[in-house]
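**Student:** Here is my input; please provide its structure:
(chains A, B, C and D)
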Protein chains: 2
Amino acid sequence: MSGLDPRSRTTPLAQTLVGLYRLSQGLQHRLRERAQAHGLSPAQAQALLFLKYARPGVRTIGGLAQRLGCAPATASEVADALERKGLIRRQPLPADQRVITLALTPAGAHKVNALEDLLDDLEAALATLPPTQQEALLQATQALVRVLQQAGHVVVYEMCWGCQFFRPNAHPNDPTAPHHCAFVDAPLPEPNTYLECPDFIPRSP
Amino acid sequence: MSGLDPRSRTTPLAQTLVGLYRLSQGLQHRLRERAQAHGLSPAQAQALLFLKYARPGVRTIGGLAQRLGCAPATASEVADALERKGLIRRQPLPADQRVITLALTPAGAHKVNALEDLLDDLEAALATLPPTQQEALLQATQALVRVLQQAGHVVVYEMCWGCQFFRPNAHPNDPTAPHHCAFVDAPLPEPNTYLECPDFIPRSP
DNA sequence: GACATTATTTCGTACTCCTAAATAATTATA
DNA sequence: TATAATTATTTAGGAGTACGAAATAATGTC
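**Tutor:** Below is the predicted model:
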């Protein structure tokens, strides 16, 4: 009955399962290869991208652990490595001295810019699929990610636009923070709305 | 332009890319969790499944390295760990003493039987998708795997039925090996046709 | 002020992963 | 048939990944 038995690989479900497994393996392989070309490990590359794109409040050891799907101890070690390489800085949060915020150094910002095309060739491969398959693949992956998210296997970070807690132009008289987040009940500066947030919940269609 | 920038995540292609990335992360996370429940690392669990289902000729250090997508040195270390745990045996191949064949011990065979349902809950999640999405997802993943395969990011192991080199009943008078493989040009015993082979190439539709 | 909670770090252990070099067996070449 | 190239694996060394448990320090609660 197991989808990993080749004999059961006649059912579409089992074939898809094995396909996704191979896809995952290939993606990780590609990730390692590309990161290595920049002198980084896969986790280090992901951490740099996280620090570029996550909203300020989650750029901490704990936030990084959530994003990498690892224990805080591991995230602390990843931060150690990046700090040794001079790509990030640790800084206690003034408001709560237990929290360590992580910030890219100029060298780190430069490195992550060179790193952004990490999966471009996979995106190019996606583009070769017929449009109907692209659309179906999008629906299916999003449905699966929701399942994995509910099972706690992955934390989804997304930006505000499209989030059900986002109130665009709730403060029209405040040019520095015209929008509003109903989740944390706080005004949002414009640039922050383009950053990733783990509290994101999509608006229902 | 990068699909990893949240601002570009408005295009279906970029959304799919990020979805696949999360899917991959979730799958690896689940794999680690389930393997750990059996006292194994992810690589060790994959190695045991490989030794159960791969055809005899590839059950070697090199074959394992191909399957795991790692260097032979790493595969040798994985074999070390499994040997220490008494789950596999190393044995030089009589015909070529350089080659080390790997075989499950009774304990290893027992362990891998308990391990086969490793991704069953992901398969269950797949089953919740509407049938049209299931079909499209199958097509799309297979197309993507082909791309990754050609780029060398993954080696596809499949069993004979469906392979273009498979000649069923080519030796009707030989009850021990009625089939034939045109790739290695050798007769195939019936049980072997249900095992996975890295030389698999699908028949054209 | 005592106590629980939280975020992070440190420690110890096991595993992953690579490259480069060493070893041994086989195959090719001269 | 010696010698050389090739192949499969192992060993060694180094960086990284990952965890649980214990330690530390800051914050919140009663």
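**Student:** next helix or strand past the helix or strand hosting A:Thr101?
**Tutor:** Element membership of A:Thr101 [criterion: DSSP states H and E] is strand A:96-104. On the C-terminal side of strand A:96-104, the closest following helix or strand by DSSP H and E is helix A:106-115.
**Student:** what is the mean pLDDT for that following helix?
**Tutor:** In this model, helix A:106-115 has a mean pLDDT of 96.
**Student:** Dump the C-alpha coordinates for the next helix-or-strand element following it into CSV.
**Tutor:** Once helix A:106-115 ends, the next helix or strand along the chain (criterion: DSSP H and E) is helix A:120-127. The C-alpha coordinates for helix A:120-127 follow below in CSV (Å, rounded to 0.1, in the frame of the first residue of the first chain):
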residue,chain,number,x,y,z
ASP,A,120,15.7,31.2,-11.4
ASP,A,121,16.4,28.2,-13.5
LEU,A,122,13.7,26.2,-11.7
GLU,A,123,11.4,29.1,-12.5
ALA,A,124,12.5,28.9,-16.1
ALA,A,125,11.6,25.2,-16.1
LEU,A,126,8.2,26.1,-14.7
ALA,A,127,7.7,28.5,-17.6
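**Student:** residues in contact with helix A:120-127?
**Tutor:** Helix A:120-127 is contacted from outside by A:27, A:30, A:134, A:137, B:1-3, B:13-14, B:16-17, B:20, B:144, B:147-148, B:151, using Cβ atoms under 8 Å, 6 or more residues apart in numbering or on different chains. The way it works is simple: take the backbone N, C-alpha and C, and place the C-beta from them, glycine included.
**Student:** Widest-spaced pair of those residues?
**Tutor:** In terms of Cβ to Cβ, the contacts of helix A:120-127 reach their longest pairwise distance at B:Met1 and B:Leu148, which sit 21.8 Å apart.
**Student:** Against which helices or strands is the strand holding A:Thr101 packed?
**Tutor:** helix A:42-53, helix A:61-68, strand A:88-93 (3 or more Cβ pairs under 8 Å, 6 or more residues apart in numbering or on different chains; DSSP states H and E).
**Student:** Just the buried ones from the contacts of helix A:120-127?
**Tutor:** A residue is treated as buried here by neighbour count (16 or more other Cβ atoms under 10 Å in any protein chain shown); on that basis the buried members of these are A:27, A:30, A:134, A:137, B:2-3, B:13-14, B:16-17, B:20, B:144, B:147-148.
**Student:** Is it possible to get TSV of these that adds secondary structure?
**Tutor:** Putting these into TSV (DSSP: H, G, I helix; E, B strand; the rest coil) gives the following:
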residue	secondary structure
A:Leu27	helix
A:Arg30	helix
A:Gln134	helix
A:Leu137	helix
B:Ser2	coil
B:Gly3	coil
B:Leu13	helix
B:Ala14	helix
B:Thr16	helix
B:Leu17	helix
B:Leu20	helix
B:Leu144	helix
B:Val147	helix
B:Leu148	helix
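**Student:** Pick out the lowest-pLDDT one from those.
**Tutor:** Among the buried ones among the contacts of helix A:120-127, pLDDT bottoms out at B:Ser2, giving 68.
**Student:** Got the phi and psi for the most centrally placed residue in chain A?
**Tutor:** When chain A is reduced to its mean C-alpha position, the closest residue under Cα atoms, centre = their mean turns out to be A:Tyr157, at 5.4 Å. Backbone torsions of A:Tyr157, given as degrees, to the nearest 10, read phi -100, psi 130.
**Student:** The residue lying closest to it once chain neighbours are set aside: neighbour count?
**Tutor:** In space, and not counting its chain neighbours, A:Tyr157 is closest to A:Glu196: 3.7 Å by Cβ to Cβ, 6 or more residues apart in numbering or on different chains. The burial count assigned to A:Glu196 is 21, neighbours taken as other Cβ atoms under 10 Å in any protein chain shown.
**Student:** With A:His38 instead?
**Tutor:** Other residues near A:His38 come to 14 when the count uses other Cβ under 10 Å.
**Student:** before we move on, what about A:Ala140?
**Tutor:** Per other Cβ under 10 Å, the neighbour tally for A:Ala140 reads 27.
**Student:** Distance of it relative to B:Val145?
**Tutor:** Summarising the geometry, the distance separating A:Ala140 from B:Val145, computed by Cβ to Cβ, to the nearest Å, is 15 Å.
**Student:** Can you give the domain ranges for chain A?
**Tutor:** In terms of domains, chain A is parsed into A:1-37, A:41-118 (source: automatic domain parsing).
**Student:** quick check, the shortest one touching chain B?
**Tutor:** The one in question is domain A:1-37. Yes. Contact of domain A:1-37 with chain B (Cβ under 8 Å from any Cβ of the partner chain) involves A:1-7, A:9, A:12-17, A:19-30, A:33.
**Student:** With stretch A:138-151 instead?
**Tutor:** Yes. Stretch A:138-151 comes into contact with chain B when judged by Cβ under 8 Å from any Cβ, the residues involved being A:Leu138, A:Gln139, A:Ala140, A:Thr141, A:Gln142, A:Ala143, A:Leu144, A:Val145, A:Val147, A:Leu148, A:Gln149, A:Ala151.
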